[in-house]
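Enquirer: What follows is a predicted protein model with its sequence.
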Amino acid sequence: MFFTLTLGDSYFPFLAYSCFPITGALLANAHAIIIAHNHPSGDVDPSNADKTFTTMLVDAGKRLLDVKVIDHVIIGSKGGFFSFSESCLM
């Protein structure tokens with residue numbers, strides 16, 4: 001099951017809050033989630049905001065709701081990707 005949380009582009013950035021992915025997980029009665037978003041610039045390196053968001057989401061899932069965050073994937077416009085899990089940043 002997939003949930004689209006937001007749609008936007010580089011001209012209308014969206015500030016993500018950790019409750020949105022968790023809400024989708026609760027609605028689906030999920031025990032684990034994978035978060036993904038794109039970087040239209042093509043640069044798949046995680047920003048400080050990406051790192052902070054991932055840490056907050058993992059902590060909220062563990063401590064509050066028993067929802068495991070399996071991975072956070074950043075997809076670049078040039079075909080590359082970055083996996084927090086593969087990079088041991090989870």
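Expert: It's in. Residues are numbered from 1 along each chain as shown.
Enquirer: contacts, neighbours, all on C-alpha from now
Expert: Will do.
Enquirer: quick one: low-confidence ranges for the protein?
Expert: The model of the chain has pLDDT under 70 over residues 1-21.
Enquirer: packing partners for the longest helix belonging to the chain?
Expert: Assignment by DSSP state H gives helix 48-60 as the longest helix of the chain. Counting contacts by 3 or more Cα pairs under 8 Å, 6 or more residues apart in numbering; DSSP states H and E, helix 48-60 packs against strand 68-76.
Enquirer: The residue nearest the centre of the chain: which element?
Expert: Nearest residue to the geometric centre of the chain (Cα atoms, centre = their mean): I35, 3.4 Å. Using DSSP states H and E, I35 sits within strand 32-39.
Enquirer: re earlier: my guess is the residue nearest to the centre of the chain contacts H72, does it?
Expert: Yes. Using Cα atoms under 8 Å, I35 is in contact with H72, at 4.6 Å.
Enquirer: Now do the shared contacts for these two.
Expert: Contact criterion Cα atoms under 8 Å, 6 or more residues apart in numbering; residues shared by I35 and H72: none found.
Enquirer: for the longest helix of the chain, which positions count as buried?
Expert: D50, F53, T54, T55, L57, V58, D59, A60 (16 or more other Cα atoms under 10 Å).
Enquirer: Pull the contacting residues for the nearest residue to T55 once chain neighbours are set aside.
Expert: Sequence neighbours aside, M90 is the residue nearest to T55 in space, at 7.2 Å (criterion: Cα to Cα, 6 or more residues apart in numbering). Going by Cα under 8 Å, 6+ apart, M90 touches T54, T55, V58, D71, F84.
Enquirer: Repeat the analysis, applying 10 Å as the threshold.
Expert: K51, T54, T55, V58, D59, V69, I70, D71, H72, S83, F84 (Cα atoms under 10 Å, 6 or more residues apart in numbering).
Enquirer: Identify, from those residues, the entry nearest to D43.
Expert: S83 (13.0 Å; Cα to Cα).
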